[in-house]
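[1] Prediction below, plus the sequence it came from.
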Amino acid sequence: MGLVENGTKIQKRIQHAFENSAFTEKDAYDISFHMTDWLEDIEELQRVYSNIDKLSNDEITSFIYKFVAHVPNHLNAAMKLTGLGPVTDVFEANIFEDEE
């Protein structure tokens, strides 16, 4: 079975781990949600990277746009909920500056 098919199992196990690490049930659930809502994206990432030479530029860029529009928001939320956040601009890419 793939990640998506095991999504519920993965989510429940993550939730259980955080509940047993002194997190509230709600926070543990939210962390597990944010760490599993993008399992389809992981499978697609693997497919794209495994077939990178066979894909058109449009297919590659389309995937990247979709991935970066979805996954980082979940990771940022999980980072904050686990107590590791807030998100910082570690690569100095000016991620918090508005475009002009």
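    On my side now, so go ahead.

[2] hey, let's count contacts and neighbours off CA atoms from now on
    OK.

[3] Quick check: which ranges of this protein have low pLDDT?
    Along the chain, segments meeting pLDDT under 70 span 99-100.

[4] in it, which helix has the most residues?
    The helix that spans the most residues within the chain, counting by DSSP state H, is helix 57-81.

[5] Hmm, Trp38 and Gly7 touching each other?
    No: using C-alpha atoms under 8 Å, Gly7 is not in contact with Trp38, being 9.6 Å away.

[6] follow-up on the earlier one: next, the buried residues of the longest helix of the chain.
    Neighbour-count burial for helix 57-81, counted by 16 or more other C-alpha atoms under 10 Å, picks out Ile60, Phe63, Phe67, Val71, His74, Leu75, Asn76, Ala77, Ala78, Met79, Leu81.

[7] and what of stretch 6-15?
    For stretch 6-15, the neighbour count (16+ other C-alpha under 10 Å) marks Gly7, Ile10, Gln11, Ile14, Gln15 as buried.

[8] Show me which of the residues you listed is closest to Ser21.
    Gln15 (9.8 Å; C-alpha to C-alpha).

[9] How about the contacts made by the closest one?
    Glu25, Ala28, Tyr29, Ile31, Ser32 (C-alpha atoms under 8 Å, 6 or more residues apart in numbering).

[10] List the contacts of the residue positioned nearest the centre of the chain.
    Centrality entry for the chain: nearest residue to the mean C-alpha point is Val71, 3.8 Å, by C-alpha atoms, centre = their mean. The neighbours of Val71, taking C-alpha under 8 Å, 6+ apart as the test, are Trp38, Asp41.

[11] same thing with the one 5 residues further on?
    Shown here is Asn76, whose contacts under the criterion C-alpha under 8 Å, 6+ apart are Gly85, Pro86, Val87.

[12] Quick check: the residue lying closest to the first one once chain neighbours are set aside vs Arg47, distance?
    Same thing as Gly85. Nearest residue to Gly85, sequence neighbours excluded (C-alpha to C-alpha, 6 or more residues apart in numbering): Met79, at 5.0 Å. Taking C-alpha to C-alpha, to the nearest Å as the measure, Met79 and Arg47 are separated by 26 Å.
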